[in-house]
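Visitor: this one's structure only:
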Ligand SMILES: Nc1ncnc2c1ncn2[C@@H]1O[C@H](COP(=O)(O)OP(=O)(O)OP(=O)(O)O)[C@@H](O)[C@H]1O
Ligand SMILES: [Mg+2]
């Protein structure tokens, strides 16, 4: 039976055993369901879980190890002269065999030894598949039978199901955590390989970024400098401009929505603002590149300023607009979370609305607002598309928003686009940048979480 | 003392009003439950605020129906009545705290110093400085004790110099009977005080702007008996300088602190009178039902 069919059968079996378990629970109390410890459905779930889960787990394990074991068995049976090849070559041979198995190689003159090995492989696969089917069905059926036998009047099926649900939830969160951990570790290891060729200090404190490595000795202009400072400076400059736009506009519109707007205006304006967050960043990107950047260059020209056609200002402005909803939505929530009693207290003393907002609401909501702003900052730092399109690729170390700059994320993209040698410093630099960016955003998030948690303590 | 003088003046008028307006009388001499016109003397010899024909609607809901009532100078007037009868609604009219509620509409005359407080020309900010409010749940700002009390004087510019502010804070806390307990912790957050202390802080905060009328909406409902007793004492002392309208669910409290009592029932003002008379010899059957525990 193919794996898909097997899993399908398992699901059917589990459904069937749900029904059996339910029925059995009625049978053990002669139909008086109220005598049971748990509701009849729980006995059904209990049986279905015992039928399905162990069998599924075995299937997963089997599939996970099947390939390795079969390959091993095939390699062991290969002729001596192939087996004694270096591991690299051996790998190639194994690959060839696999290709033969899946029919990717159709040329007629295949080495008979290889042909034999491929046949052997197919044979083993068939055995494995059959064994799996028998084993799994046996486990499923015996699991269901055991569970059915365990059903008594006082059997605590409800508690058992509760425990399994808990384990299931735990497993899900573990998967999420391990995935994150895996990503971080793989970035970390590649970054360490990068730091073997480029010293950490010259990466962290270097003022020049030009990742083109000289391939031949006599090449000029390809210094291979990996100083991350210009990139982080560019990132900070653009994020700063973005926050300059997003924080005032976002905060003020949040205050308007939360304190002044009537219910109807609020119901209309809030979703409209949140649409801003739903526009794909690539759309913002070409808006920035095709509309805002030329506009800034032209108006700069009128003032006699020398503005490059790609500028940090254009990218920052558009990015600021993009993150307005982050600031406004979160601030709106925390402002609304300030108890009405605070407003009553202040207005009852004769304060006007704006005095109340300035002196009571904002101070009380400030930690939450700061949390929202920090989340928006992490979003700005991680943004790529707008910058690629509007701010350019040249790693200038400048504080002038009218010049072209580049950011960490953009450089990661350009480092990895196109054909690369995987272990050249140029490629590995992307991992180092990614790691550094991750650390920076993590620190920001920790600060944000910390602030938000502090905020919670105030009103609980 | 006040009570004796007042009753001498009021009682004959009440008798008269009763006979002319209220024909429906139960066999025990009380006005029948079905009659919703106000019984008793709604006027006061020396009124601070006068309310006539006051109606309040929340959207379509007619929450307060034709209320006439005087609030006398330097008296404590208690509002009692079953939950939802409109007590809070009424005292919130007196400093226009209803303004911030969506769909709330007030009609009628509410006169203070010869001016209708719902008039377009009325300065709500000044009104609220004159008519302060203490809420059911203590609601100190999450600021220091000092800043809580200094808040009102600051926004109204009552103090020119820093020392003036300090003086106002100290006297307000003293009047509220909180000074001895907090004088060494003025920079601690007001939210860190006990419930009873917080409520006295809110009273201090309200009297720091030097109001003439203080409205209190169930100020003791979140407090234990000892803190309640302190606040009742305080109300008695404050009566010397302020006019106080207090909403309460405790009839003992109304009897202890107030000179006059108003009984509300489902949006109607049923009976007004001297506190003693209301609690010993109510004229309306509904009032009798309420104070003897047959209702609410
Ligand atoms: N904001 C509001 N919107 C709509 N209806 C309201 C609002 N506030 C009060 N009401 C209604 O007005 C009526 C009077 O309410 P009010 O709060 O004045 O009662 P109360 O006498 O203070 O009661 P309690 O003793 O429970 O505080 C109630 O029926 C209530 O449902
Ligand atoms: Mg109330």
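Guide: Sure thing, it's come through. As the structure is a prediction and not an experimental result, all values here were calculated from the model. Ligands and ions are numbered 1, 2, ... in the order given.
Visitor: Run through chain B and note the low-pLDDT ranges.
Guide: Low-confidence segments of chain B, defined by pLDDT under 70: B:1-24, B:295-296.
Visitor: how about the residues of it near chain A?
Guide: Contact residues, chain B versus chain A (C-beta under 8 Å from any C-beta of the partner chain): B:95, B:97, B:100, B:102, B:124-129, B:132-133, B:135, B:137, B:139-143, B:151-152, B:155-156, B:191, B:202, B:205-206, B:209. C-betas here are computed from N, CA, C, even on glycine.
Visitor: Let me see the contact set for the closest residue to ligand 1 within the stretch 101-250 of chain B.
Guide: For the stretch 101-250 of chain B and ligand 1, the shortest gap (C-beta to the nearest ligand atom) falls at residue B:101, measuring 4.6 Å. Counting by C-beta atoms under 8 Å, 6 or more residues apart in numbering or on different chains, residue B:101 makes contact with residue B:58.
Visitor: Any chance of the backbone angles for it?
Guide: Main-chain dihedrals, residue B:101, degrees, to the nearest 10: phi -90, psi 130.
Visitor: quick one: which of the residues of chain B next to chain A sit in helices?
Guide: B:124-129, B:151-152, B:155-156, B:202, B:205-206 (DSSP state H).
Visitor: Look up how far chain A lies from the residue of the stretch 101-250 of chain B closest to ligand 1.
Guide: Going from residue B:101 to chain A by C-beta to the nearest C-beta, to the nearest Å gives 10 Å.
Visitor: Please give the element, helix or strand, for residue A:304.
Guide: For residue A:304, there is no host helix or strand (DSSP states H and E).
Visitor: Show the backbone phi and psi for it.
Guide: According to degrees, to the nearest 10, residue A:304 has phi 80, psi 20.
Visitor: All the strands of chain B, residue numbers only.
Guide: For chain B, the strands defined by DSSP state E cover B:47-58, B:61-72, B:76-80, B:104-112, B:115-116, B:131-134, B:213-217, B:243-247, B:260-265, B:268-274.
Visitor: how about those in TSV, adding distance to ligand 1 and mean neighbour count?
Guide: Formatted as TSV, the strands of chain B follow (distance: least, C-beta to the nearest ligand atom, whole Å; neighbours: other C-beta atoms under 10 Å in any protein chain shown):
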stretch	distance to ligand 1	mean neighbour count
strand B:47-58	3	18
strand B:61-72	4	19
strand B:76-80	8	26
strand B:104-112	6	17
strand B:115-116	21	13
strand B:131-134	13	26
strand B:213-217	7	24
strand B:243-247	6	25
strand B:260-265	6	27
strand B:268-274	11	25
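Visitor: Take those strands and write them to CSV, including distance to residue A:391.
Guide: Converted to CSV, these look like this (distance: least, C-beta to C-beta, whole Å):
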stretch, distance to residue A:391
strand B:47-58, 55
strand B:61-72, 58
strand B:76-80, 66
strand B:104-112, 52
strand B:115-116, 62
strand B:131-134, 55
strand B:213-217, 58
strand B:243-247, 62
strand B:260-265, 67
strand B:268-274, 70
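Visitor: Which of those strands sits closest to residue A:201?
Guide: The closest of the strands of chain B to residue A:201 is strand B:131-134. By C-beta to C-beta, the value is 64.1 Å.
Visitor: Give me the contacts around that closest one.
Guide: Contacts of strand B:131-134 (C-beta under 8 Å, 6+ apart): A:344, A:348-349, B:49, B:91, B:94-95, B:97, B:112, B:199, B:202-203, B:206-207, B:209, B:211-217, B:219.
Visitor: separation between the spatially most central residue of chain A and residue A:81?
Guide: Centroid-nearest residue in chain A: residue A:180, 7.8 Å away (criterion: C-alpha atoms, centre = their mean). Applying C-beta to C-beta, to the nearest Å, the value for residue A:180 to residue A:81 is 46 Å.
Visitor: for residue B:106, same thing?
Guide: 102 Å.
Visitor: Please indicate which of the residues of chain B next to chain A are buried?
Guide: Buried by 16 or more other C-beta atoms under 10 Å in any protein chain shown: B:95, B:97, B:124, B:127-129, B:132-133, B:135, B:137, B:139-143, B:151-152, B:155-156, B:191, B:202, B:205-206, B:209, out of the residues of chain B next to chain A.
Visitor: List just the nearest of the ones in helices among the residues of chain B next to chain A to residue A:381.
Guide: The closest of those, once distances to residue A:381 are taken by C-beta to C-beta, is residue B:151, at 39.0 Å.
Visitor: For the closest one, give me its contacts.
Guide: A:346, A:349, A:351, A:359, B:141, B:143, B:205, B:208.
Visitor: Next, count neighbours for residue A:4.
Guide: Using other C-beta atoms under 10 Å in any protein chain shown, residue A:4 is surrounded by 8 other residues.
Visitor: Can you pull out the low-pLDDT segments for the stretch 101-250 of chain A?
Guide: In the stretch 101-250 of chain A, residues with pLDDT under 70: A:105-109, A:213-223.
Visitor: Point me to the residue of it nearest chain B.
Guide: With C-beta to the nearest C-beta, the shortest gap between the stretch 101-250 of chain A and chain B falls at residue A:247, namely 22.7 Å.
Visitor: any idea how far the residue in chain A that ligand 1 sits nearest to lies from residue A:69?
Guide: Taking C-beta to the nearest ligand atom, ligand 1 has its nearest neighbour within chain A at residue A:340, 10.5 Å off. Taking C-beta to C-beta as the measure, residue A:340 falls 67 Å from residue A:69.
Visitor: cool, residue B:223 as well?
Guide: Distance from residue B:223 to residue A:69, by C-beta to C-beta: 75 Å.
Visitor: Measure how buried residue A:121 is and give me the count.
Guide: By other C-beta under 10 Å, neighbour count at residue A:121 equals 21.
Visitor: got the contact list for residue A:405?
Guide: A:230, A:233-234, A:237-238, A:312, A:391-392, A:394-396, A:398.
Visitor: try it again with 6 Å
Guide: A:234, A:237, A:312, A:391, A:396 (C-beta atoms under 6 Å, 6 or more residues apart in numbering or on different chains).
Visitor: Which ones among those lie within helices?
Guide: Per DSSP H, the contacts of residue A:405 map to helices at A:234, A:237, A:312.
Visitor: okay, the contacts of residue A:405 in a markdown table with neighbour count and distance to ligand 1 next?
Guide: Formatted as a markdown table, the contacts of residue A:405 follow (neighbours: other C-beta atoms under 10 Å in any protein chain shown; distance: C-beta to the nearest ligand atom, whole Å):
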| residue | neighbour count | distance to ligand 1 |
| --- | --- | --- |
| A:234 | 29 | 53 |
| A:237 | 23 | 50 |
| A:312 | 30 | 50 |
| A:391 | 31 | 51 |
| A:396 | 18 | 59 |
